[in-house]
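> Sequence and predicted structure, then a few things I'm wondering about:
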Amino acid sequence: MSSSRPLLSREQIAYRIAQEVEPSFVVNLGIGIPTLVANYIPDSMNVMLQSENGLLGMGPFPTKEQLDPDLINAGKQTVTAVPGASYFSSADSFAMIRGGHVHLTVLGAMQVDEKGCLANWMIPGKMVKGMGGAMDLVAGARRVIVAMQHMDKSGQSKLLKNCDLPLTGIHCVNRIVTDCAVVDIDPEGFVLKEVAPGFTPEEIQQMTGAHLRLSPELKAMSVDLNVPLKGN
Amino acid sequence: MSSKVYANAEEALEGLTDNMTLLVGGFGLCGIPENCIAALVKKGVKNLTCVSNNAGVDDFGLGLLLQTKQIKKMISSYVGENATFESQYLSGDLEVELVPQGTLAERMRAGGAGIAAFFTPTGAGTLVAEGKETREFNGRPYVLEQAITGDFALVKAYKGDKFGNLIFRKTARNFNPMAATAGKITVAEVEELVEVGELDPDQVHTPGVFVQRIFQGTRYEKRIEKLTLKEEHL
């Protein structure tokens, strides 16, 4: 089922998702591709990055002089805080998240189904590491975007009729940005919105485990020519 | 009023015995009560239930208590970075209850605030909701989650005064304020212990009423779990 055409790189997926961010948004980015999204959000947007361990206004990694073990992000990496940042407790952090004060969360997934259910925290029979903040984020953020490869390493689609892995949340995903398409989820299921350069809608359908309706505004996915185009 | 001030972790943990439930502050290795954890290892208490967002790494944080097999059960949201944890879990020596991070924070907050249980949308329709009541509000499912309290809460703050007022620093705050409210006996270790009146009341994060014992810790390692620097500084 895999296409011979080049899939988009992780950076290109991140670049495309950055186009979803609006000025003054509060955004929570998960680990992996979502973290890269921050690299493509212009400073002029005045976006505040939320890190669920208790920081609103996360900045870039520190210099040696700025390094502070008391200042980390939810991935436990040392970071900095931007002007206007605030620190708070975990209870306040998740009040922000569940209370709908975070405009957008971007996270990775193992599976997403046409009802907007998402699986990204557990594979039965394998070591379970825990859900961290993912269940709260998908339940509470105003908009949930999934960043992932369209198919897994064995060539199986990650976009399905029904997730078979344990769920992180139900009816929560608004949009999926993959290495070959942008797919929305509405009450009737998947809607193909954008196709990566070099792919046809028919090819995307072949790579997808549920029916795709074509958006009337179907268009080519925008890519950034300054970053690597091809995936690994 | 008898003094809340103790000389060190060993003295502050008097009365902490086998089979107790401990609420432990920290996120990863950030803001963990290093002195109290070291004292627990020395004390050798066993069959502990530890409520903490993470389980430390193999040789630091709560990982130290896993190595000595003092922990019977962990209640956490993410336990990734720890091979000792994994082997004890897979061999059945360690019980684990995984709780969504926001639910964990709120369960401790509720425990300290006299709220028995609450409904949250987090985890509705997932494994987390199994065996719990789910109720619809405004057309949306919510899961009933119960409060958590502890026999002891062990927290770490930046500054504290002799009444137990606490000020945290940056993201080392994390779960510490909720844990502090929900311990029958809350032990706070601080980097700097000052006299009553020296902290600006407007800057206090945790009012001293929640803290029963306080001491100034020593030799804070503040180990960094994932050192990341700006590219030119690598």
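Right, received. Where do you want to start? Numbering: from 1, shown residues only, chains lettered A, B, ... in the order given.

> in chain B, which helix or strand is least confident?
Within chain B, confidence by mean pLDDT, DSSP states H and E is lowest for helix B:83-90 among all helices and strands, at a mean of 89.

> Show the contacting residues for the residue of chain B found nearest chain A.
Nearest residue of chain B to chain A, counting by Cβ to the nearest Cβ: residue B:102, 3.0 Å away. For every residue, glycine as well, the C-beta is placed using N, CA and C. Taking Cβ atoms under 8 Å, 6 or more residues apart in numbering or on different chains, we find residue B:102 in contact with A:52, A:90, A:93-94, A:97-98, A:133, A:135-136, A:140, B:120, B:122.

> The host helix or strand of it: how far from the chain's middle?
According to DSSP states H and E, residue B:102 maps onto helix B:101-113. From the chain centre to the centre of helix B:101-113 is a distance of 11 Å (Cα atoms, centre = their mean, to the nearest Å).

> And what about the residue of chain B most remote from its centre, helix, strand or coil?
Relative to the C-alpha centroid of chain B, counting by Cα atoms, centre = their mean, residue B:232 is the outermost residue, at 35.7 Å. Three-state assignment for residue B:232 (DSSP: H, G, I helix; E, B strand; the rest coil): helix.

> Tell me the first helix or strand C-terminal of the helix holding residue B:102.
Assignment by DSSP H and E places the next element after helix B:101-113 at strand B:117-120.

> Please name the strands paired to that next one in the sheet, noting orientation.
Here strand B:117-120 has these sheet partners by DSSP bridges: strand B:140-146 (antiparallel).

> Packing partners of the helix or strand following the partner strand?
The C-terminal neighbour of strand B:140-146 among helices and strands, as given by DSSP H and E, is strand B:150-161. Counting contacts by 3 or more Cβ pairs under 8 Å, 6 or more residues apart in numbering or on different chains; DSSP states H and E, strand B:150-161 packs against strand B:21-24, helix B:34-43, strand B:166-167, helix B:176-181, strand B:183-194.

> Can you add mean pLDDT, mean neighbour count and distance to residue B:96 and give these back as TSV?
Converted to TSV, these look like this (pLDDT from 0 to 100; neighbours: other Cβ atoms under 10 Å in any protein chain shown; distance: least, Cβ to Cβ, whole Å):
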stretch	mean pLDDT	mean neighbour count	distance to residue B:96
strand B:21-24	98	27	15
helix B:34-43	98	21	19
strand B:166-167	98	24	29
helix B:176-181	98	29	19
strand B:183-194	98	22	21
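
> Looking at those, spot the one closest to residue A:194.
In terms of Cβ to Cβ, the element of the helices and strands packed on strand B:150-161 nearest to residue A:194 is helix B:176-181, at 42.6 Å.

> so does the closest one get close to chain A?
Yes. Using Cβ under 8 Å from any Cβ of the partner chain, helix B:176-181 reaches chain A at B:176-178.

> what's the spacing between that helix and its chain's center?
7 Å.

> What of stretch A:10-28?
9 Å.

> Do I have it right that residue A:139 meets residue B:122?
Yes. The pair residue A:139 / residue B:122 is scored as a contact, 4.6 Å apart, by Cβ atoms under 8 Å.
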